[in-house]
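S.K.: structure for this input, please:
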Amino acid sequence: MKPKKIVILGCGGTGTDILDLLDDINETKQTYSCIGFLDDDASQWEKEICGVPVLGPLKKAPDLAGVSFLNGLGSPSNHWKTEQIISEIGIQANQFEKIVHPKSKVSKKSVLGFGVIVYPYVFIGSNVKVGNLTTLLANTTINHDSVLNEFTIVCSNVSVSGAVKIGKSCYLGAGSSIRQNVTVGERSLLGIGSVVLKDVKPNSIVKGNPAEFLRENCR
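M.R.: Next comes the predicted model:
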């Protein structure tokens, strides 16, 4: 079979990380061929990044036939906007490819949605559910029975204990930890190294050890 054609949304650091993931997967079997990036930064159009062309703005995505997408959008400052951006582009969740780095461990009893991206050395335990277009960066642990909803970004070295629920469009900062049975409301952000011992209300920024409310997010 021919390699599946991939287009990456966003040509920043996450986008180039995704290129590396594809290369690592292809070392075992030639599975993917990245044909380009899409990005709304006009200064990048018609350039090449790591040998891959930037094809134009995000709105061009529906015009690209026979490709699957990977999402490289989202940052601490705008993570809650990704769902709206994807919706406005006009592409559906099932058009996004799910990729898991070969050096990660994913339980066969877990469920990963469309467009999930799993970096190297991630552990996903039993009965975990990861929603569409969620990204898990390197060395993250998601323990049994936890649920991560759509469009969430989990940064490196995050530890999620058992039976945790993460709302959609959250951002879990690097090195943060969440106690078992805790709920983190949608569109919330955990600061770097936060230790979350109690529920976090939606649209909140928390930080510290133990984590405390700092201010509302998404403003």
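S.K.: point out the other helices and strands that the helix ranked longest in the chain packs with.
M.R.: In the chain, taking DSSP state H as the definition, the longest helix is helix 13-28. For helix 13-28, the packing partners by 3 or more C-beta pairs under 8 Å, 6 or more residues apart in numbering; DSSP states H and E come out as strand 4-9, strand 32-38, strand 99-100. For glycine as for every other residue, the C-beta is placed from the backbone atoms N, C-alpha and C.
S.K.: report the distance from it to the chain centre.
M.R.: Here the centre of helix 13-28 is set off from its chain's centre by 14 Å, with C-alpha atoms, centre = their mean, to the nearest Å.
S.K.: counting neighbours, what do you get for L58?
M.R.: Using other C-beta atoms under 10 Å, the number of residues around L58 comes to 19.
S.K.: actually T28, not the one I typed
M.R.: By other C-beta under 10 Å, 8 other residues sit near T28.
S.K.: per-domain residue ranges of this protein.
M.R.: Here the domain parsing of the chain from automatic domain parsing is 4-73, 99-207.
S.K.: residue nearest the middle of the chain, spatially speaking?
M.R.: Ranked by distance to the mean C-alpha position of the chain (C-alpha atoms, centre = their mean), the top residue is T135 at 1.8 Å.
S.K.: about what we covered before: give me the contacts around the longest helix of the chain.
M.R.: 3, 6, 8-9, 31-32, 34, 37, 39, 49-50, 52, 70, 72-74, 99, 101-103, 117, 119-120, 135 (C-beta atoms under 8 Å, 6 or more residues apart in numbering).
S.K.: what do you get if the cut-off is 7 Å, keeping everything else the same?
M.R.: Helix 13-28 is contacted from outside by 6, 8, 31-32, 34, 37, 49-50, 52, 70, 72, 99, 101-102, 117, 119, using C-beta atoms under 7 Å, 6 or more residues apart in numbering.
S.K.: so of the domains of the chain, which one's packed in deepest?
M.R.: Most buried of those, by mean neighbour count (mean count of other C-beta atoms under 10 Å): domain 99-207, with a mean of 20.
S.K.: so can I have CSV of the helices and strands packed on helix 13-28 showing mean pLDDT and distance to I153?
M.R.: Compiled in CSV, these are given as follows (pLDDT from 0 to 100; distance: least, C-beta to C-beta, whole Å):
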stretch, mean pLDDT, distance to I153
strand 4-9, 98, 14
strand 32-38, 98, 18
strand 99-100, 98, 15
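S.K.: over to W80. Which of the three states is it?
M.R.: Assigned with DSSP: H, G, I helix; E, B strand; the rest coil, W80 falls in the helix class.
S.K.: can you tell me which residues contact it?
M.R.: For W80, the contact set (C-beta under 7 Å, 6+ apart) comprises 169, 187, 217-218.
S.K.: got it, and L136?
M.R.: Counting by C-beta under 7 Å, 6+ apart, L136 touches 118-119, 122, 154.
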